[in-house]
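Visitor: I'll drop the sequence and a predicted model, then ask my questions.
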Amino acid sequence: MTSYLFAWLLFLGLALGAMANVMLHNLTGGPWYPAVRAPLLAASRLVPLAALLGIPVLVGMRSLYPIGESAWFAPWFFIARSVFFLVLWSVFSLLLRNNRSRGLSAVGLIVYLFTVSIAAVDWIGSLMPRWYSTGFGLVVGTGQMLGAMALAVAFAGFAERRLPGLEESRRQTFIDLGNLLLMYVLLWAYVAYMQFLIIWVGNLPREISWYVPRLQTGWAGLAIVLVVVHFFAPLVILLFRAAKRSPVLLGWLAAVLLAAHVADVYWLVAPSVRPSGFRIAWADPLALAAAVALWFFAWRPRHARP
């Protein structure tokens with residue numbers, strides 16, 4: 001169930017992050033959008049499928065969560081909350097297919113941030129039921145939006161190789177996309193670091209329980225990889241304009257960020273149920289492979305020339 005939960009959260013998170021990015025563009029606009037419109041819309045349309053894939057998590061919830069230990073974790077209430085979130089997100093993904101309304105997108109972003117925060121605590125934080133953090137939902141939400149944008153930029157960058165020529169206007173599009181990736185990298189790093197800093201300063205047993213298995217066991221190695229690959233390396237590379245002007249280089253960097261997002265989701269889930277140290281269960285790569293295969297079977301964007 002841990003392996004399935006990891007794969008499902010990755011699948012769902014990319015779809016939700018894509019939906020949030022679509023709503024963000026509907027609110028703000030920007031010439032960068034045509035280059036990533038197709039992959040983002042295709043990914044956002046997978047939210048209903050991801051919702052259906054959540055059924056096994058609800059069926060096996062007693063093996064993952066402290067079901068029945070409090071009123072909040074009453075079985076019917078946990079299922080009702082989960083179903084409500086999944087149905088609500090599916091409705092928004094359907095409404096956004098042919099609707100660019102700013103009003104709908106504004107409401108949708110607010111609903112997304114609020115519901116993802118609660119769902120992140122329910123489905124991830126509750127794997128360690130005595131731990132809590134008021135900023136955890138922001139960490140998860142920004143990670144989803146970063147992962148989805150990295151997926152879309154990787155698709156746009158690699159697809160650009162098949163198009164003839166490279167006009168200056170299209171180079172500017174990829175510079176904008178690189179700046180967006182840089183913004184998301186900085187935002188994710190900021191909220192993740194502020195959560196860690198506040199918990200480290202407080203040093204309360206109930207709060208540090210999240211970080212003890214992640215930083216004082218073999219899982220610390222994965223944490224170092226995330227700091228380097230999910231933050232420092234992309235930050236340094238994206239500061240150079242030349243890196244952002246090259247669609248292929250930017251595509252490869254986005255692909256690395258997407259792989260780092262996969263590792264981040266794994267780091268959020270696995271140490272909570274395997275606190276003694278780093279261990280990859282045999283079902284982990286199988287669940288990941290199944291999620292990736294299903295994603296690329298269902299996700300069928302068509303590249304739009306910027």
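Guide: Perfect, thanks for sending it.

Visitor: And L146, what's its pLDDT?
Guide: L146 is assigned 97 on the pLDDT scale.

Visitor: Look up how far F296 lies from G17.
Guide: Relative to F296, G17 is positioned 17 Å away (criterion: C-beta to C-beta, to the nearest Å). Every C-beta, even on glycine, is put in place using the N, C-alpha and C of the backbone.

Visitor: the more surrounded of those two?
Guide: Using other C-beta atoms under 10 Å, the more surrounded residue of G17 and F296 is G17, with 30 against 9.

Visitor: could you say which helix or strand contains the more buried one?
Guide: Under the criterion of DSSP states H and E, G17 resides in helix 2-28.

Visitor: Over to V227?
Guide: Here V227, judged by DSSP H and E, is contained in helix 220-227.

Visitor: Quick one: low-confidence residue ranges for this protein.
Guide: 161-169, 302-306 (pLDDT under 70).

Visitor: next helix or strand past the top helix by length along it?
Guide: In the chain, assigned by DSSP state H, the helix with the most residues is helix 168-202. Note on helix 168-202: by DSSP H and E, the next helix or strand toward the C-terminus is helix 205-208.

Visitor: in the very next helix or strand once past that next one, what's buried?
Guide: Counting by DSSP H and E, the next helix or strand C-terminal to helix 205-208 is helix 212-215. For helix 212-215, the neighbour count (16 or more other C-beta atoms under 10 Å) marks 213-214 as buried.

Visitor: Run the chain-centre distance for helix 212-215.
Guide: 21 Å (C-alpha atoms, centre = their mean, to the nearest Å).

Visitor: go on, stretch 43-57?
Guide: Worked out by C-alpha atoms, centre = their mean, stretch 43-57 lies 14 Å from the chain centre.

Visitor: I'd like the C-alpha coordinates of that stretch written as CSV, please.
Guide: C-alpha atoms of stretch 43-57 as CSV (Å, rounded to 0.1, in the frame of the first residue of the first chain):
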residue,chain,number,x,y,z
ALA,A,43,-2.2,16.5,-17.9
SER,A,44,-5.1,18.4,-16.2
ARG,A,45,-7.6,16.2,-18.0
LEU,A,46,-6.2,13.2,-16.1
VAL,A,47,-7.5,14.4,-12.8
PRO,A,48,-10.7,12.3,-13.0
LEU,A,49,-8.7,9.2,-13.9
ALA,A,50,-6.4,10.0,-10.9
ALA,A,51,-9.4,10.3,-8.7
LEU,A,52,-10.6,6.8,-9.7
LEU,A,53,-7.1,5.4,-9.0
GLY,A,54,-7.5,6.7,-5.4
ILE,A,55,-10.1,4.0,-4.6
PRO,A,56,-7.5,1.4,-3.6
VAL,A,57,-6.1,3.9,-1.1
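
Visitor: What helix or strand is the residue lying closest to V116 once chain neighbours are set aside located in?
Guide: Closest residue to V116 apart from its sequence neighbours, by C-beta to C-beta, 6 or more residues apart in numbering: G141 at 4.7 Å. Assigning secondary structure by DSSP H and E places G141 in helix 136-160.

Visitor: what's the angle from that helix to helix 168-202?
Guide: Helix 136-160 runs at 160 degrees relative to helix 168-202, counting by axes from the mean of the first three to the mean of the last three C-alpha atoms, to 10 degrees.

Visitor: what helices or strands is helix 136-160 leaning on?
Guide: helix 2-28, helix 33-44, helix 102-123, helix 168-202, helix 247-273 (3 or more C-beta pairs under 8 Å, 6 or more residues apart in numbering; DSSP states H and E).

Visitor: Who are the packing partners of the last one?
Guide: In terms of contacts (3+ C-beta pairs under 8 Å, 6+ apart), helix 247-273 is packed against helix 2-28, helix 136-160, helix 168-202, helix 212-215, helix 220-227, helix 233-238, helix 241-245, helix 283-298.
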